[in-house]
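Q: Have a look at this prediction, sequence included:
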Protein chains: 2
Amino acid sequence: MFLKHIDLIKGLYYSKTASLNDLSIYTGRSIPYVTKGIADLMKLDIVKEVGIRASSGGRKPATYSLIADTGFILSVAMNQFLTRIVIVNMNNEFVGEVQEFELKLGDNKDAIHSLIACIKAVVVNSGLPQDKFLAIGITMPGFIDAFLGNNLSFLKAPEETLVTYIAKQAGLPVFIENDSTAIALAEQKFGLPIARNNSMIINLGWGVGLGMIINKEIFKGHSGFAGEFSHLPLHKNGKLCSCGKQGCLETEASLLAIEAKAAEGLKHGQVSSLLKYDTVSADNIIDEALKGDAFAIKIIAEAAYFIGQGLAILLHLMNPESIILSGKGSVIGKLWLSPIQQAMNEHCIPHLTTYTQLAVSNLGNNAQLLGGVTTVIENLYKLNPQANISEPT
Amino acid sequence: MFLKHIDLIKGLYYSKTASLNDLSIYTGRSIPYVTKGIADLMKLDIVKEVGIRASSGGRKPATYSLIADTGFILSVAMNQFLTRIVIVNMNNEFVGEVQEFELKLGDNKDAIHSLIACIKAVVVNSGLPQDKFLAIGITMPGFIDAFLGNNLSFLKAPEETLVTYIAKQAGLPVFIENDSTAIALAEQKFGLPIARNNSMIINLGWGVGLGMIINKEIFKGHSGFAGEFSHLPLHKNGKLCSCGKQGCLETEASLLAIEAKAAEGLKHGQVSSLLKYDTVSADNIIDEALKGDAFAIKIIAEAAYFIGQGLAILLHLMNPESIILSGKGSVIGKLWLSPIQQAMNEHCIPHLTTYTQLAVSNLGNNAQLLGGVTTVIENLYKLNPQANISEPT
DNA sequence: GATACTTTTTAAAAAAAATAAAAAGTTTTC
DNA sequence: GAAAACTTTTTATTTTTTTTAAAAAGTATC
């Protein structure tokens, strides 16, 4: 009964409020079918009617929404150094503040236990009953095997898959996804309209990630490794990359590369407001660039130009509707835009750039957290319904 | 009645012989539905039962095929210099020989009229009644707007679209497609099994074309320009490309580039069996390379290495199941393979190449012609059925 | 060589979509 | 400014398609 209507729940979740007609279009099913389904969900107290919407001519449609506290999702967004956790209700609203935990992913045998402790703490401190949580969505860097539930790069679990281990410890279903893929999911569902059909989502972070939306769907390639933008062999700089090769794009264009360049510059006597910090972090550089520090702006623009070079290649191959700058680094979106556009124009077939819009995400630093939620929603059909959204028998 | 069963006709065309169960899987419809459909098509004398197939245990299935002379398709495969035309029946068999016509596409105001004359000649000489032809499928280089039916690069028609003009002159429906896309279509339908789901089809010809198969479907991008592999900005050689930029991949790796390099080498005193030709053509180079000429092999290997460099980028981004070398140049497939594989290994993240198979097409020089046929079959639903496969009323 | 297991085909029931009609608004027009 | 014409949503009915079940026709095994 409940499982049959998962697509309606997804449609309502992503649109927040929808009419029967909207849902018929979203699900691709007939209006009578949707009408019956919504009636069922209202009987189960999962959906409620929220009002009548204006019409451009014709009868005004009734609109429906999910009931916000029917269930909650725990979204866990990890990067190399920081883990952020938030609780989200069925109206896609954050419940309480985003909580941050310093947690080093690489070279840290204890990472998985720290992670579980953080998750438990957030669940307990929320004051919400455990059975109100639908599932946990964890998003993080690395080669993720979402099917088996393992991260091939970080967080090895003892003698079972990462997902089953955390699920057992936390007492909740767990789904995992790669951080860049998660950000692409978030942009697809909650971002700009031009990001929905054919879009390249760039994750500006400690690497330069790429999530691809092709024909409205996330594309991960034959074995799940598509979108390795960060390791495109574009430079002959001899710099060794974490992947083992030399000259990868990320050796010149990631936040890590920017940090290194800043440190190098300051050591050689660069004048900059960055000098006031003991050790210069990416966050410092972002802050000072926003305040107008010339040196900070220059090294960001340099990295942006290299990203633009890579994007020119992407443009030739994929001819996307849009390229969206998202992830941690996108909060200084405007600083990236013009050098990227410049590089793209220089390196593309004439006029090819006119078919693709370059834009900064409107999701800010929340993209990855929303991607974790989306990962759960997309996997809703795998949950045993009785365990969570209870169905009157 | 007929239109409803187009998907069954497509399934039978591509598989040549199929059981009801095969067709149910192919069309995604239930067996009762397929059973009724095939019965309908048999009444219309479009399909016949061709026998009973062996079974791996259980009742032997009846198998069905299209009746070969129900209709014919004219496939026209053009390149910069040569146009090849063949008639194909409903069992995907060539009827008569492939006919070749020298026809220059670029800088030739008369090209469209020459083309129409060639088509008319083939139709008349076939001795088949005009109304037995379903449609004409024309495949050629250039930016093709398959929706409107225009080639933005070559063959401008006076005051209407290219498709409507040729259709009017030839008295038959016309569909057009880009040559590399057509080759990808042919590989998808008639090529190796590994080319069906996620495959990059390389068209080794006067340029280096790319047709992408993503999630079992041809991907053309947001505005139809995806797959511009030939113009990836990978070289700093200063060589001007036909696209207006410098250093495109095709300036080093296409048959045109190979011709130029051969001429250059011979002028500077290279020892080679190529010296016996007045002007060296790509066909000569291919021939002599096959016979073992060291110089010919060397320049082909050089070009192949550059293609491999480009493919490394493709591999990082798309993580395909396979890369298929197809098109005119694939007849010397084995000469390309090892330098391409070498370059891919050198420029890819370790192990990434192990997930992708590199293979030479089994369709030889027929890929583009088969692509023209496929273009027609894929557009079958647009035809007025009564005009061609006649339906008893 | 009878029994157990597969696969295909046919028949009956259930589900979903397409169609048609009704209801409820908007906009146009005289 | 009210009636006609047009839109859009909702409800009811019919048709199409799928699902389920059963039968038919083989193959493999002990």
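A: Yep, that arrived.

Q: contacting residues around the strand or helix carrying A:Glu177?
A: Taking DSSP states H and E as the criterion, A:Glu177 maps to strand A:174-178. With contacts defined as Cβ atoms under 8 Å, 6 or more residues apart in numbering or on different chains, strand A:174-178 is touched by A:135-144, A:146, A:149, A:151, A:162-163, A:166-167, A:185, A:209, A:371-372, A:375-376, A:379, A:382. All C-beta spots, glycine's among them, are computed from the backbone N, C-alpha and C.

Q: Report pLDDT for A:Lys10.
A: With respect to pLDDT, A:Lys10 scores 92.

Q: Same question for A:Ile307.
A: So, for A:Ile307, pLDDT stands at 93.

Q: circling back: out of the contacts of strand A:174-178, list just those in strands.
A: A:Ala135, A:Ile136, A:Gly137, A:Ile138, A:Thr139, A:Met140, A:Ile144, A:Asn151, A:Gly209 (DSSP state E).

Q: Which among the contacts of strand A:174-178 count as buried?
A: Listed as buried from the contacts of strand A:174-178 are A:135-142, A:144, A:146, A:149, A:151, A:162-163, A:166-167, A:185, A:209, A:371-372, A:375-376, A:379; burial here means 16 or more other Cβ atoms under 10 Å in any protein chain shown.

Q: ok, A:Ile67 - how many residues close by?
A: 18 (other Cβ atoms under 10 Å in any protein chain shown).

Q: Please give me every residue in contact with it.
A: A:Asp45, A:Ile46, A:Val47, A:Lys48, A:Met90.

Q: Within its sheet, name the partner strands of the helix or strand in which the fourth one is found and how each one runs.
A: A:Lys48 is part of strand A:47-52, with elements assigned from DSSP H and E. Looking at strand A:47-52 with DSSP bridges, its paired strands and their directions are strand A:62-66 (antiparallel).

Q: does chain B sit close to stretch A:139-152?
A: No. Under the criterion of Cβ under 8 Å from any Cβ of the partner chain, stretch A:139-152 makes no contact with chain B; the nearest approach is 10.3 Å.

Q: so how far is that stretch from its chain's centroid?
A: 14 Å (Cα atoms, centre = their mean, to the nearest Å).

Q: From one end of it to the other, what's the distance?
A: Terminal residues of stretch A:139-152 lie 13 Å apart, using Cα to Cα, to the nearest Å.

Q: Next: stretch A:318-332.
A: OK, stretch A:318-332 end separation, Cα to Cα: 26 Å.

Q: ok, now how distant is A:Asn21 from DNA strand D?
A: Distance from A:Asn21 to DNA strand D, counting by Cβ to the nearest atom of the strand, to the nearest Å: 4 Å.

Q: my guess is that residue contacts A:Ile31, does it?
A: Yes. Using Cβ atoms under 8 Å, A:Asn21 is in contact with A:Ile31, at 6.7 Å.

Q: Give me the angle between the one helix or strand A:Ile213 maps to and strand A:174-178.
A: Taking DSSP H and E as the definition, A:Ile213 sits inside strand A:208-214. Counting by axes from the mean of the first three to the mean of the last three Cα atoms, to 10 degrees, strand A:208-214 lies at 100 degrees to strand A:174-178.

Q: what does strand A:208-214 rub up against?
A: A:141, A:178-185, A:187-188, A:195-203, A:218-219, A:226-230, A:249-250, A:253-254, A:307, A:310, A:314, A:318, A:327, B:214-215, B:219, B:317.

Q: Which pLDDT value does the model give the closest residue in space to A:Ser361 that isn't next to it in sequence?
A: Nearest residue to A:Ser361, sequence neighbours excluded (Cβ to Cβ, 6 or more residues apart in numbering or on different chains): A:Ser326, at 3.8 Å. On the pLDDT scale, A:Ser326 is placed at 95.

Q: go on, A:Gly57?
A: On the pLDDT scale, A:Gly57 gets 68.

Q: now A:Gln386
A: 39.

Q: Also A:Val124?
A: Reading off the model, A:Val124 has pLDDT 94.

Q: ok, now A:Ser75?
A: pLDDT, A:Ser75: 98.

Q: helix or strand for it, which one?
A: Going by DSSP H and E, A:Ser75 is in strand A:72-78.

Q: could you say which helix or strand contains A:Leu314?
A: Going by DSSP H and E, A:Leu314 is part of helix A:294-318.

Q: check contacts around A:Ile377.
A: Contacts of A:Ile377 by Cβ under 8 Å, 6+ apart are A:Lys10, A:Tyr13, A:Tyr14, A:Ile73.

Q: can you tell me how far it sits from DNA strand C?
A: Relative to DNA strand C, and taking Cβ to the nearest atom of the strand, A:Ile377 is found at 21 Å.

Q: between the contacts of A:Ile67, which is closest to B:Pro350?
A: A:Met90 (43.6 Å; Cβ to Cβ).

Q: State the distance from the nearest residue to the closest one once chain neighbours are set aside to A:Ile73.
A: Computed as Cβ to Cβ, 6+ apart, the closest residue to A:Met90 that is not its neighbour in sequence is A:Leu66, at 4.2 Å. According to Cβ to Cβ, to the nearest Å, A:Leu66 and A:Ile73 sit 12 Å apart.

Q: do the same with A:Ile9
A: Taking Cβ to Cβ, one finds A:Ile9 at 12 Å from A:Ile73.

Q: out of those two, which sits in the busier spot?
A: Neighbours were counted for A:Ile9 and for A:Ile73 using other Cβ under 10 Å; A:Ile73 has more, 26 against 22.

Q: With adjacent residues omitted, what lies nearest to whichever residue of the stretch 251-393 of chain A sits closest to chain B?
A: For the stretch 251-393 of chain A, the residue closest to chain B is A:Asn319, as judged by Cβ to the nearest Cβ, at 2.8 Å. Using Cβ to Cβ, 6+ apart and skipping residues adjacent in sequence, the residue nearest A:Asn319 is B:Gly221, 2.8 Å away.

Q: Over to A:Asn151?
A: Of all residues beyond its chain neighbours, the one nearest A:Asn151 is A:Gly142 (4.6 Å), with distances taken as Cβ to Cβ, 6+ apart.

Q: Next one, pLDDT for the one you found please.
A: Here the pLDDT value assigned to A:Gly142 is 90.

Q: Check whether it really touches A:Leu162, as I assumed.
A: No. Applying Cβ under 8 Å, one finds A:Gly142 not in contact with A:Leu162, separated by 10.2 Å.

Q: Is DNA strand C within reach of stretch A:43-58?
A: Yes. Stretch A:43-58 is in contact with DNA strand C by Cβ under 7 Å from any atom of the strand, via A:Ala54, A:Ser55, A:Ser56, A:Gly57, A:Gly58.

Q: Can you get me a residue count around the residue in the stretch 1-150 of chain A that DNA strand D sits nearest to?
A: Using Cβ to the nearest atom of the strand, the closest approach of the stretch 1-150 of chain A to DNA strand D is made by A:Gly58 at 2.1 Å. Using other Cβ under 10 Å, A:Gly58 is surrounded by 6 other residues.

Q: repeat for A:Gln130
A: A:Gln130, neighbours per other Cβ under 10 Å, totals 11.

Q: wait, doesn't it sit right on A:Gly171?
A: Yes. Using Cβ under 8 Å, A:Gln130 is in contact with A:Gly171, at 6.3 Å.

Q: Would you mind listing the residues touching both of the two?
A: Counting by Cβ under 8 Å, 6+ apart, nothing touches both A:Gln130 and A:Gly171.

Q: Leaving out the residues flanking it, which one is nearest to A:Ala257?
A: A:Thr251 (5.9 Å).

Q: What about the one you found, how many residues nearby?
A: 24.

Q: thought it was touching A:Gly238?
A: No. If you go by Cβ under 8 Å, A:Thr251 and A:Gly238 don't touch, sitting 9.1 Å apart.
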